[in-house]
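S.K.: Turn this into a model:
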Amino acid sequence: MLVAWTDETGTAQIAPAMMEDLSREGACMRIRFPMPVGSRIDIRWIGKDFSGTVRHCRPMGIEYVLGIQKDPVPER
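M.R.: Okay, the predicted model is just below:
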């Protein structure tokens, strides 16, 4: 899985992450570094691409666990 975002300097970033849980409204994933709460991110994961906002970030061992609130999907 890949996570893409723009950091506080305006630089586009891409990093690998591991999905822990996925639901209709959100996701939980592990990543190697902290991300500020409120960060906007795009997730690319086996055909289930989505975007969202970091709602929490907590350390766990050498990684960080992110709670992501998915953006609403527009109705077709």
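S.K.: From here on, just use CA atoms for contacts and neighbour counts.
M.R.: OK.
S.K.: For the nearest residue to Thr6 once chain neighbours are set aside, give me its contacts.
M.R.: Computed as CA to CA, 6 or more residues apart in numbering, the closest residue to Thr6 that is not its neighbour in sequence is Ala12, at 4.4 Å. Applying CA atoms under 8 Å, 6 or more residues apart in numbering, we find Ala12 in contact with Ala4, Trp5, Thr6.
S.K.: Hmm, the last one is touching Met35, no?
M.R.: No: the pair Thr6 / Met35 is not scored as a contact, 10.7 Å apart, by CA atoms under 8 Å.
S.K.: neighbour count winner among those two?
M.R.: Neighbours per residue (other CA atoms under 10 Å) separate Thr6 from Met35, with Met35 holding more: 20 against 14.
S.K.: tell me which element that one is part of?
M.R.: Assigned by DSSP states H and E, Met35 belongs to neither a helix nor a strand.
S.K.: likewise Ile14?
M.R.: Assigned by DSSP H and E, Ile14 belongs to strand 12-16.
S.K.: next SSE after that strand?
M.R.: strand 18-22.
S.K.: Residues in contact with the next helix or strand after that next one: which ones?
M.R.: Note on strand 18-22: by DSSP H and E, the next helix or strand toward the C-terminus is strand 26-31. With CA under 8 Å, 6+ apart as the test, strand 26-31 has contacts from 16-22, 63-70.
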